[in-house]
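A.B. asks: here's my sequence, what's the structure:
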Amino acid sequence: MSMWSAIVLIVLIVAMSRVLRARHGGSRRLRRDEQDQPLLPSAREKQLEREVDDLRERIKVLERIATDGNSIDAQETRRIAAEIEALRSGQAE
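C.D. replies: Numbers count the residues shown, from 1 in each chain. Next up is the predicted model:
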C-alpha cells in the first residue's frame, strides 16, 4: 500500500467516525438529559402552544361557519327567513 492510499484511507475513516459520532452523539445527549431531569418547556414554547391552541379553535369556528352555511338546514333557514321578510314587506304596503 502506498503512502497516499494510506492517507486517503485514514481520512475516510476519520470522516466516517465524525459522521457516526454526530449522528448518534446528539441522540445520546438528549437521552441523558431526559434520564437526569425532564426538559421543561420555556416561556416562549408555552406561549407558542397557547397560540397554536387559539388558532386551532379559530379554525374550528371557521370550518363550522363554512360548512353550516351550506348545509340543508341552513338553506332551509334562509328560505324561511326570506319568506318571513316577504310577508312583512307585503303587510307593510
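A.B. asks: quick check, distance from stretch 57-66 to the centre of its chain.
C.D. replies: Between the mean C-alpha location of stretch 57-66 and the chain-wide mean there is a distance of 17 Å, by Cα atoms, centre = their mean, to the nearest Å.
A.B. asks: for stretch 71-86, same thing?
C.D. replies: The answer for stretch 71-86 is 38 Å, by Cα atoms, centre = their mean.
A.B. asks: so which bits of that stretch are buried?
C.D. replies: For stretch 71-86, burial by neighbour count (16 or more other Cβ atoms under 10 Å) applies to no residue. Backbone N, C-alpha and C define where each C-beta goes, glycine included.
A.B. asks: hey, C-alpha coordinates of that stretch in PDB?
C.D. replies: Taking Å, rounded to 0.1, in the frame of the first residue of the first chain, the C-alpha atoms of stretch 71-86 are listed here in PDB:
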ATOM      1  CA  SER A  71     -76.000  22.700   4.800                       C
ATOM      2  CA  ILE A  72     -79.600  21.800   4.000                       C
ATOM      3  CA  ASP A  73     -80.700  23.100   7.400                       C
ATOM      4  CA  ALA A  74     -79.000  26.500   6.800                       C
ATOM      5  CA  GLN A  75     -80.600  26.700   3.300                       C
ATOM      6  CA  GLU A  76     -84.000  26.000   4.800                       C
ATOM      7  CA  THR A  77     -83.500  28.600   7.500                       C
ATOM      8  CA  ARG A  78     -82.600  31.200   4.800                       C
ATOM      9  CA  ARG A  79     -85.600  30.300   2.800                       C
ATOM     10  CA  ILE A  80     -87.900  30.600   5.700                       C
ATOM     11  CA  ALA A  81     -86.300  33.900   6.700                       C
ATOM     12  CA  ALA A  82     -86.800  35.200   3.100                       C
ATOM     13  CA  GLU A  83     -90.500  34.200   3.200                       C
ATOM     14  CA  ILE A  84     -91.000  36.000   6.500                       C
ATOM     15  CA  GLU A  85     -89.300  39.100   5.100                       C
ATOM     16  CA  ALA A  86     -91.500  38.800   2.000                       C
END
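A.B. asks: all set now, cheers.
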